[in-house]
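In: The sequence and its predicted three-dimensional model are supplied below.
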Amino acid sequence: MSDAFGISARKHGQAVRAFFAVPLPEALRAGVSQQIASLHAATDGDAVRWVRADALHLTLRFLGNVGVDDVPALTAAVGEALADVDAFAVKLGAPVAFPAPRRPRGVVLEASPEEPLAAVAERIASAIEPQGFAPERRKFRAHVTLGRLRSRRLPALELPAPDPAEWWIDRVVLFQSELARDGARHRVLETIPLGSATAAAPSSHP
């Protein structure tokens, strides 16, 4: 779908700008929001366009424009690909410049271990290729974006990891992204549980 056609299709309700991601649970979102507030208040904090709390997520695959009629088949394919994936835990680290300190474009929290998230991202990629989506050229890096730089200035990033830092991953969400002047608004289109999501999580991962 070309960009011009995609924009026109979105205007007429025929397509959505979409991506697969993992949303932050409420407690973790609150902790990350406190970090964003501290960074925003720091020197040069206004040089970054910070993400709103309700938009915090970890992207697994950005899709671009997707036909509304194609959403059911797309989510069914991804659901089948993730049906035997066990839920797992990851931890978020301290704020860092992304993709590198020397040439930063944003501020992020990296997630570790990265391997299970990368495996989920790869399964999604394999599931959607038959639907006409080209392979992703960039190497997957698991992170939650806190903000994007307006210039080359950065606030001091000397903060610890958010509290709580641990995160139980038991589902993937297909989001619709609606662009706005104050940042993108995200709406849940479909929620896809991982294969073991119906099992009880360990007590350390409420």
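Out: Alright, I've got the coordinates.

In: now the helices for the protein?
Out: Under the criterion DSSP state H, the chain contains helices at 3-11, 26-41, 71-81, 115-128.

In: Could you pull up the residues touching the nearest residue to residue 119 once chain neighbours are set aside?
Out: Leaving aside its sequence neighbours, residue 119 sits nearest to residue 85 (C-beta to C-beta, 6 or more residues apart in numbering; 7.6 Å). Yep, even glycine has a C-beta here, placed from its N, CA and C like the rest. Residues in contact with residue 85 (C-beta atoms under 8 Å, 6 or more residues apart in numbering) are 119, 120, 123, 194, 195, 196.

In: most neighbours, which of those residues?
Out: Within those, neighbour counts (other C-beta atoms under 10 Å) peak at residue 120, which reaches 24 neighbours.

In: I figured that residue hits residue 58, correct?
Out: No. At 10.2 Å, residue 120 and residue 58 do not qualify as touching, with contact defined as C-beta atoms under 8 Å.

In: What segments of this protein are strands?
Out: In the chain, the strands defined using DSSP state E lie at 15-23, 48-50, 57-67, 88-98, 106-112, 143-149, 166-169, 171-178, 185-193.

In: so which of those strands gets nearest residue 160?
Out: Residue 160 lies closest to strand 88-98 among these, at 5.7 Å (C-beta to C-beta).

In: buried ones in the closest one?
Out: By neighbour count with 16 or more other C-beta atoms under 10 Å, strand 88-98 contains the buried residues 88, 90, 92, 93, 95, 96, 97, 98.

In: Spell out which two among the residues you listed are the most distant pair, please.
Out: Using C-beta to C-beta, those span at most 27.0 Å, a distance reached by 88 and 97.

In: contacting residues for the nearest residue to residue 153 once chain neighbours are set aside?
Out: Counting by C-beta to C-beta, 6+ apart, residue 47 is the residue found nearest to residue 153 once chain neighbours are left out, at 3.8 Å. Going by C-beta under 8 Å, 6+ apart, residue 47 touches 149, 150, 151, 153, 154, 155.

In: residue contacts, the nearest residue to residue 46 once chain neighbours are set aside?
Out: The shortest distance from residue 46 to any non-neighbouring residue, by C-beta to C-beta, 6+ apart, is to residue 40 (7.4 Å). Contacts for residue 40 (C-beta under 8 Å, 6+ apart) come out as 46, 48, 50, 155.
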